[in-house]
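K.L.:
test case, fold it:
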Amino acid sequence: MKKILFLISAVIIFTACSKIDSPNLSVFVNETYDYKFSYPSSGTIHANDMFSSKDAMNSKNLSVIDDKEIFNITISQNDSENLKIYVEKIWTLNKEDKSENNQPLNKKISDMEKINFKNGEAYQFTLENSFANGDISGYMLDGENTYIFSVRNELIYEIHFPSKNNISRNILNAFEFIDEKTNKITNQQSNIDNCKNNYKKRQDQCLLAHAEKQTVDQIGVLDESTCKEITENSTEQSKCYWLFAMATKKNDSCALIPEIQNEKYFTKENCENELNYKNKQSEWQLFTGIPLFDKAEIIYFGEGSLIGWAETDDDGYSYFILTNDSRENLPPSMKKYDKFRIEYYADSIHYTKSLPEKIVKDLQLYNSEKPAKILTTQLSLKGNFAVPSLILKQIEDNQIDSD
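P.N.:
Numbering: from 1, shown residues only. Below you'll find the predicted structure:
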């Protein structure tokens, strides 16, 4: 059953758009996601992101508004899935979409076709009534809209616009992908200047947010120049150097972390311990460490075995309780935790928080007297949440009997 929700987005207007030769057109250049387009000067650029973006340059969901929405671009990470398969899933979801009463919505949707878009493979279809993509961000459509999906640099660019609007077609024709190499260094410096000029009271927080995006999305030159612009010996500077250490996997960045009184997490010692963690019983390798709240999001990828047993809380969530010996083999940031929330490994690119019924029943066979041995593919400690998580791949055949 599909429920179409109407979202009230946090709308931010981006005004720093330069004029081009025509007096009736402006150009928007996004150096973060490497594209640009021209649009009517009477229109405005809106960032539709509800939680993540602070401005249009970093937004993953933009609209051109000229009385009404005439062009939209949404950017998402390509999780190694074939573009055709990705678009087919969305196309099928909309074709088979149903109302709250489980009745067909009878949407008008065209066949999906392969096209050449800006010298690259792309897929398109037209759609009326409403758009659904499997989560809460479905929305209603005003007339027929054309959807185009393209991939560049491991990002999926989803463009949609009113099919019969000539201005929308002109924006599409003017759309260009930018050579990312020629823009990265310029983009990095422009973001630093933006923090200094426009966020003087929150300059350190702005610079740290830029550093986080730079390291996570691998934008710009990965060095500590941004951190040097932050107030000396501040918490924000400690977090900044931590970010670059996690991104570059170099102890040199750990050595730059200042000693701050009462700082227990973002320290030189903790940084080096994370980077140098190795365990003979697992293949866990540090993937990222992002400062969030008063702790960091630490993620380790790779297969590793853990010993313990499962418990289920009143809300139906399953947790794996580790034995003391198993805890000693964990990465430094996770050793103080004795239980992990269990998520399930479905295949190479998908996992779910809902465990299959068979897995739940199998886990119930084990307890503190007879612990199980499980194989995991990921360990995560996210933000200041009380319980970290693991992704369960399988319960191993060789169960461990307690002594």
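
K.L.:
the lengthiest strand in the chain: which residues count as buried?
P.N.:
Using DSSP state E to define each element, the chain has its longest strand at strand 295-312. Neighbour counts over strand 295-312 (16 or more other CB atoms under 10 Å) mark 295-301, 304, 306-311 as buried. From N, CA and C alone the C-beta is placed, and that goes for glycine too.

K.L.:
again, but for stretch 151-158
P.N.:
151-152, 155-158.

K.L.:
most widely separated two among these?
P.N.:
R152 and E158 (12.0 Å; CB to CB).

K.L.:
from what I can see A211 touches Y241, true?
P.N.:
No: if you go by CB atoms under 8 Å, A211 and Y241 don't touch, sitting 9.2 Å apart.

K.L.:
which neighbours do these two share?
P.N.:
C227 (CB atoms under 8 Å, 6 or more residues apart in numbering).

K.L.:
more neighbours: the two, which one.
P.N.:
A211 (30 against 24; other CB atoms under 10 Å).

K.L.:
just say helix, strand or coil for the more buried one.
P.N.:
helix (DSSP: H, G, I helix; E, B strand; the rest coil).

K.L.:
what sits against it?
P.N.:
Here A211 is in contact with 226-227, 240, 243-244 (CB under 8 Å, 6+ apart).

K.L.:
closest to N82 among these?
P.N.:
Nearest to N82 among these, with distances taken as CB to CB, is L243, at 32.2 Å.

K.L.:
helix or strand: which one has the closest one?
P.N.:
L243 belongs to helix 235-248 when elements are defined using DSSP states H and E.

K.L.:
quick one: mean pLDDT for the helix or strand just after that helix?
P.N.:
Using DSSP H and E, the helix or strand that follows helix 235-248 in sequence is helix 251-255. Helix 251-255 carries an average pLDDT of 90.

K.L.:
mind listing what's buried in the helix or strand just after helix 251-255?
P.N.:
Downstream of helix 251-255, the next assigned helix or strand under DSSP H and E is helix 268-275. Neighbour-count burial for helix 268-275 flags 268, 270-272, 274-275 (criterion: 16+ other CB under 10 Å).

K.L.:
send me helix 268-275 as PDB with only the CA atoms.
P.N.:
Extracted in PDB, the C-alpha atoms of helix 268-275 (Å, rounded to 0.1, in the frame of the first residue of the first chain):
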ATOM      1  CA  LYS A 268      45.500  12.500  19.400                       C
ATOM      2  CA  GLU A 269      45.700   9.200  21.200                       C
ATOM      3  CA  ASN A 270      42.200   8.100  20.200                       C
ATOM      4  CA  CYS A 271      42.800   9.100  16.700                       C
ATOM      5  CA  GLU A 272      46.000   7.100  16.400                       C
ATOM      6  CA  ASN A 273      44.300   4.100  18.100                       C
ATOM      7  CA  GLU A 274      41.500   4.100  15.500                       C
ATOM      8  CA  LEU A 275      43.900   4.400  12.500                       C
END
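
K.L.:
who does that helix touch, helix- and strand-wise?
P.N.:
For helix 268-275, the packing partners by 3 or more CB pairs under 8 Å, 6 or more residues apart in numbering; DSSP states H and E come out as helix 235-248, helix 251-255, strand 285-292.

K.L.:
returning to that earlier point: tell me what the longest strand of the chain is packed against?
P.N.:
strand 285-292, strand 318-322, helix 324-328, strand 339-345, helix 357-363, strand 372-381.

K.L.:
if you average pLDDT over each of those, which is lowest?
P.N.:
Among the helices and strands packed on strand 295-312, strand 285-292 scores lowest, at a mean of 76.

K.L.:
still on that earlier bit, just the closest of the buried residues of stretch 151-158 to S130, please.
P.N.:
Proximity of the buried residues of stretch 151-158 to S130 (CB to CB) peaks at E158, which lies at 15.6 Å.

K.L.:
average pLDDT across stretch 26-46?
P.N.:
Mean per-residue pLDDT for stretch 26-46: 87.

K.L.:
run the chain-centre distance for it.
P.N.:
23 Å (CA atoms, centre = their mean, to the nearest Å).

K.L.:
same check on stretch 252-271?
P.N.:
A distance of 26 Å separates the centroid of the chain from that of stretch 252-271, by CA atoms, centre = their mean.

K.L.:
where are the low-confidence patches of the stretch 1-150 of the chain?
P.N.:
1-23, 49-55, 79-81, 100-101, 134-137 (pLDDT under 70).

K.L.:
how about 90 then?
P.N.:
Judged by pLDDT under 90, the stretch 1-150 of the chain has its weakly predicted residues at 1-36, 41, 44-61, 76-82, 93, 95-107, 119-120, 129, 132-140, 142.

K.L.:
ranges for the strands of it?
P.N.:
Using DSSP state E, counting those that start in this stretch, the strands of the stretch 1-150 of the chain run over residues 12-14, 18-19, 25-30, 35-40, 44-47, 61-66, 68-77, 113-116, 121-127, 130-131, 139-140, 145-152.

K.L.:
among those strands, which comes closest to R341?
P.N.:
Between those, strand 68-77 lies closest to R341; by CB to CB that is 22.9 Å.

K.L.:
not counting that closest one itself, show me its contacts.
P.N.:
33, 35, 37, 39, 43, 48, 60-64, 142, 154-162, 165, 167-168, 171-172.

K.L.:
strands paired with it, and their directions?
P.N.:
Pairing partners of strand 68-77, with direction, according to DSSP bridges: strand 61-66 (antiparallel), strand 155-162 (antiparallel).

K.L.:
including distance to Q261, could these go into TSV?
P.N.:
Formatted as TSV, those follow (distance: least, CB to CB, whole Å):
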stretch	distance to Q261
strand 61-66	41
strand 155-162	42
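
K.L.:
select, out of these, the one closest to V87.
P.N.:
V87 lies closest, by CB to CB, to one member of those: strand 155-162, at 9.0 Å.
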